[in-house]
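Asks: The following block contains a protein sequence and its predicted model.
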Amino acid sequence: MRQEVREVFHKGSNSVVEWKDENGDIRRAYFPEIALIHENGKIFVEAIEEGQPYGVDWEDYIHTRMGAKAISTKLHNKGIWTLEDLQTKTPVVTSVFNEAASINLQGFRESVLRKGKDDE
């Protein structure tokens, strides 16, 4: 499928391009420069799925401390039971979600570095 892309940078005879996928998420991939089609000031790639992915899939390394059930329980334990509670006790709700989303940054870095070395 032909896809309009934006060239981010080139390295040697390859370019890193980016585009929005069907979900509106930004993706990047390496392509040989000869695979880029320049037409009317735009750049296209014929087979976007053939690109070599660029970057780290961060979701492989991010793990939250709590799942949905644990968050619900924590909200209840903190007195958040209704929509009114949700609207009037914003700092409490924020603290629950901050705790749920928090990650051990050092562990995250170590995990990414370990995986990177495994791929070499």
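Replies: Yep, that arrived.
Asks: okay, CA-based contacts and neighbour counts for the rest of this
Replies: Fine.
Asks: for Q106, phi and psi?
Replies: Here is the backbone geometry of Q106 (degrees, to the nearest 10): phi -60, psi -50.
Asks: er, I48 I mean
Replies: The phi/psi pair for I48 (degrees, to the nearest 10) reads phi -60, psi -30.
Asks: How many neighbouring residues does it have?
Replies: If you count neighbours by other Cα atoms under 10 Å, I48 ends up with 21.
Asks: CA atoms only: put stretch 10-18 into CSV for me.
Replies: The C-alpha trace of stretch 10-18 is given here as CSV (Å, rounded to 0.1, in the frame of the first residue of the first chain):
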residue,chain,number,x,y,z
HIS,A,10,19.3,9.8,6.3
LYS,A,11,22.3,7.7,7.2
GLY,A,12,24.4,6.3,4.4
SER,A,13,22.1,5.1,1.7
ASN,A,14,19.1,4.7,4.1
SER,A,15,16.5,7.1,5.3
VAL,A,16,14.4,7.1,8.4
VAL,A,17,10.9,8.1,7.5
GLU,A,18,7.8,8.6,9.7
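Asks: got the buried residues for it?
Replies: Under the neighbour-count criterion of 16 or more other Cα atoms under 10 Å, stretch 10-18 has 14-18 buried.
Asks: Where do the helices of the chain begin and end?
Replies: Applying DSSP state H to the chain gives helices spanning 68-77, 83-88, 90-101, 105-119.
Asks: List the buried residues in the shortest one.
Replies: Of the residues in helix 83-88, those buried by neighbour count under the rule 16+ other Cα under 10 Å are L86.
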